[in-house]
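Engineer: need coordinates for the following:
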Amino acid sequence: MIRREDRRLDLATSPFAGGPKFFLSKNQNAAMLSGAQNLSNAARVIVDGAAGLCGENDSPSFFRPNPLISPDPAKGPAATFRPRRPARPEAANQRDGPSAMIARLPRWSPGQRIGLLGGSFNPPHEGHLLISLYALKRLRLDRVWWVVTPGNPLKDNEGLPNLEQRLAEARAFARDPRIAVTGFEAEIGARYTADTVAFLRRRAPGVHFVWLMGADNLRQFHFWRRWRRVVATAPIAVIARPGSTLTALAAPAAGYLAKARVPEMQAAGFAERRPPAFIFLHGPQSMLSSSAIRRGQAASRRVEKRAKTAHV
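Structural biologist: Numbering: from 1, shown residues only. Below you'll find the predicted structure:
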């Protein structure tokens, strides 16, 4: 027969000695010790997790693990506490690419409708101005940004004037105060339109950007790097150009955009549509082009050179 003294444990012999004198059974005492151990383990897990989130140097003092306490007594005091170190800023910049750079943009505010007309502008001409003014009117845009690129990846940039010269010429030619000229692509190191549009969406949240292009560019749009990403990032408005309307609408990119095409009569609200969205606008056209102007300038220089060297 088990005596009562065997079924009870005097707390004077327990870890809680010094407390009030009451008696617990052996099962109750074991349950209390097990619960205390579980609470200790849970607290250690919380501390370890907080230290990993906060890092080694910036964590509060009560989250920093005590190097003298080991999570595993069998491993001794040399516990393997290795909090997660914060990422280096330069590594973050390499991951973010162009978005990590700081660029000087024209003025903008959330809710504005801004058209983006990209190109080398070598040189700027009446066709650029006509497209911009027509887009401002038909699409109800607030501004148009002329994005002067460092160089066209699809063209031979040999002999291309420097960016500062082309920016100055474009600013002198853009006679409307709603047209802003910018060269921020060189500042962020972007070479492709997909990077440019993605950067602007992150840098200027709340702005309704529309990518503007002439019909001659739509013919070769499927050659652009990650052109489908451009389609998925911003609405695209194409303005008719002399001799390019039929060929542009038969191009592979136009076929890809056919399901997202918006009728011209809905142009007034096009800027606020969610991409993919595509609209083809017919209107006043100019026969001028930068390549034709360059050819004319080269021919004029050749004539002048021959005139100087001719014998009279």
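Engineer: what ranges does the stretch 151-300 of the chain have for its strands?
Structural biologist: Ranges of strands within the stretch 151-300 of the chain are 179-182, 208-214, 236-239, 278-281, based on DSSP state E, counting those that start in this stretch.
Engineer: what's the most buried one of these?
Structural biologist: By mean neighbour count, with neighbours taken as mean count of other Cβ atoms under 10 Å, strand 236-239 ranks first of those at a mean of 26. Any C-beta I mention is one placed from the backbone N, CA and C, and that applies to glycine too.
Engineer: what strands flank that strand, and is each parallel or antiparallel?
Structural biologist: strand 208-214 (parallel), strand 278-281 (parallel) (DSSP bridges).
Engineer: pipe those strands into CSV and attach mean pLDDT and distance to Val148 per row.
Structural biologist: Formatted as CSV, those follow (pLDDT from 0 to 100; distance: least, Cβ to Cβ, whole Å):
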stretch, mean pLDDT, distance to Val148
strand 208-214, 96, 14
strand 278-281, 96, 23
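Engineer: closest one to Ala260 among the strands of the stretch 151-300 of the chain?
Structural biologist: strand 278-281 (4.9 Å; Cβ to Cβ).
Engineer: now that closest one - C-alpha only, PDB.
Structural biologist: Coordinates of each C-alpha in strand 278-281 appear next as PDB, following Å, rounded to 0.1, in the frame of the first residue of the first chain:
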ATOM      1  CA  PHE A 278      -3.600  50.500 -78.200                       C
ATOM      2  CA  ILE A 279      -5.000  53.300 -80.300                       C
ATOM      3  CA  PHE A 280      -4.200  54.500 -83.800                       C
ATOM      4  CA  LEU A 281      -4.800  58.100 -84.500                       C
END
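Engineer: what does that strand contact?
Structural biologist: 134-135, 138, 215, 231, 235-240, 248-249, 257, 260-264, 266-267, 270 (Cβ atoms under 8 Å, 6 or more residues apart in numbering).
Engineer: picking up where we left off before, okay if I get the strands paired with strand 236-239 as JSON lines plus distance to Glu169?
Structural biologist: Output for those, formatted as JSON lines (distance: least, Cβ to Cβ, whole Å):
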{"stretch": "strand 208-214", "distance to Glu169": "19"}
{"stretch": "strand 278-281", "distance to Glu169": "26"}
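Engineer: do you know which of these lies nearest Leu117?
Structural biologist: strand 208-214 (4.6 Å).
Engineer: list of residues touching that closest one?
Structural biologist: Contacts of strand 208-214 (Cβ under 8 Å, 6+ apart): 111-118, 127, 131-132, 135, 139, 141, 144, 193, 197, 200-201, 221, 230, 234-241, 244, 270-272.
Engineer: can you tell me how far Ala237 is from Leu160?
Structural biologist: 27 Å (Cβ to Cβ, to the nearest Å).
Engineer: buried only: go through the contacts of strand 278-281 for me.
Structural biologist: 134-135, 138, 215, 231, 235-240, 248-249, 257, 262, 267, 270 (16 or more other Cβ atoms under 10 Å).
Engineer: thought Val197 was touching Ile114?
Structural biologist: No: judged on Cβ atoms under 8 Å, Val197 makes no contact with Ile114 at a distance of 11.6 Å.
Engineer: which one's more surrounded, the two?
Structural biologist: More crowded of Val197 and Ile114, by other Cβ atoms under 10 Å: Val197, with 24 against 21.
Engineer: and Arg113, how many neighbours does it have?
Structural biologist: 20.
Engineer: show me the contacts for it.
Structural biologist: Counted by Cβ under 8 Å, 6+ apart, Arg113 has contacts Leu139, Arg140, Leu141, Asp142, Arg143, Val207, His208, Val210, Ala271, Glu272.
Engineer: can you redo those as a markdown table with distance to Pro153?
Structural biologist: Listed next are the contacts of Arg113 as a markdown table, based on distance: Cβ to Cβ, whole Å:
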| residue | distance to Pro153 |
| --- | --- |
| Leu139 | 27 |
| Arg140 | 32 |
| Leu141 | 27 |
| Asp142 | 30 |
| Arg143 | 26 |
| Val207 | 26 |
| His208 | 27 |
| Val210 | 22 |
| Ala271 | 27 |
| Glu272 | 30 |
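Engineer: between those, which sits nearest Arg171?
Structural biologist: Arg143 (14.5 Å).
Engineer: identify the bridge partners of that closest one.
Structural biologist: Ile114.
Engineer: surely it touches Gly115?
Structural biologist: Yes: counting by Cβ under 8 Å, Arg143 touches Gly115, with 7.3 Å between them.
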